[in-house]
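In: structure for this input, please:
(chains A, B, C and D)
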2 protein chains.
Amino acid sequence: MVKRVRGSQTGRPIMRLLDLLGRRWTLRIVWELREEPKRFRDLQDLIGASPTIVNTRLAELREAKLVELDEAVGYRLTALGKELLLLFLPLHTWSEKWAKALG
Amino acid sequence: MVKRVRGSQTGRPIMRLLDLLGRRWTLRIVWELREEPKRFRDLQDLIGASPTIVNTRLAELREAKLVELDEAVGYRLTALGKELLLLFLPLHTWSEKWAKALG
DNA sequence: ACCGTTGCTACGTAATTTGTAGCACAAACG
DNA sequence: CGTTTGTGCTACAAATTACGTAGCAACGGT
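Out: Next comes the predicted model:
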């Protein structure tokens, strides 16, 4: 099973990041971990994705050092992951404004 | 051809937004439009995706009122799209720190 | 008429995601 | 001990999505 690189392949950090985050469920998983650690099945139920893809995305996020597994409590954001989340928090407020604009 | 809703279906704005942005190439397209309008084929070449999917994503982004087509200059961000981009700009700086942390 | 550019579509193939079932392991229960 | 429960995770076929190439129709310029 060859591991393929998808996305831009430019190697620029922003492109690597956009490629990572621009995969189905990735943003959502980070979002669901924003407050407290979650178990594998909790995440699965929350987002409604198959265990296969949840596991795949978690593996990618762990490799990216944004998420880690603490066996005592479950999956949680790393320090880096929390930093990233902080950048995304304004999205919450903005999304409501956006939804109104959509009518 | 029935249009299916994917993602959380909770209808919460943040979930709609994360679902939209968490699709392949969506974030990337917004990013490529950050400075100036781009033509369909320019976008295609820049991100290296098939015209089929570029068109699909552009249609979604247009429906979400984040991107619009000005026939004189090409695709560009709407006012809403620019607001969203502003929220994402810090990602650029952060991504470089992140890349270093990955080693 | 001809050419280049525009946005976009058709279509067969490849890759990804889904849904369901289930594994191995550990701790708790009876 | 035997069973149950919870844990992370995997197998596998089916469904969905993306890819890659070719090409269309409309328009403007030459």
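In: what residues are up against A:Ile29?
Out: Counting by C-beta atoms under 8 Å, 6 or more residues apart in numbering or on different chains, A:Ile29 touches A:43, A:47, A:54, A:57-58, A:61, A:67. Heads up, the C-betas are built off the backbone N, CA and C, glycines and all.
In: hang on, it in a helix?
Out: Yes. Assessed with DSSP: H, G, I helix; E, B strand; the rest coil, A:Ile29 lies in a helix.
In: how much space separates it from B:Lys82?
Out: 27 Å (C-beta to C-beta, to the nearest Å).
In: tally of neighbours for the closest residue to DNA strand D within chain A?
Out: When scored by C-beta to the nearest atom of the strand, chain A has A:Phe40 as its residue closest to DNA strand D, at 3.0 Å. The tally of other residues near A:Phe40 (other C-beta atoms under 10 Å in any protein chain shown) stands at 14.
In: how about the residues of chain A near chain B?
Out: Taking C-beta under 8 Å from any C-beta of the partner chain as the measure of proximity, chain A contacts chain B at A:7-8, A:13-19, A:21-28, A:31, A:47-48, A:64-65, A:80, A:83-84, A:87, A:90-92, A:94-96, A:98-99, A:101-102.
In: give the buried subset of these as a ChimeraX selection command.
Out: Buried residues among these (16 or more other C-beta atoms under 10 Å in any protein chain shown), as a ChimeraX selection:
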select /A:7,8,13,14,15,16,17,18,19,21,22,23,24,25,26,27,28,31,47,64,80,84,87,91,94,95,98
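In: now go through the residues of chain A next to chain B and say which are in helices.
Out: Per DSSP state H, helices hold the following members of the residues of chain A next to chain B: A:13-19, A:21, A:26-28, A:31, A:47, A:80, A:83-84, A:87, A:90-92, A:94-96, A:98-99, A:101-102.
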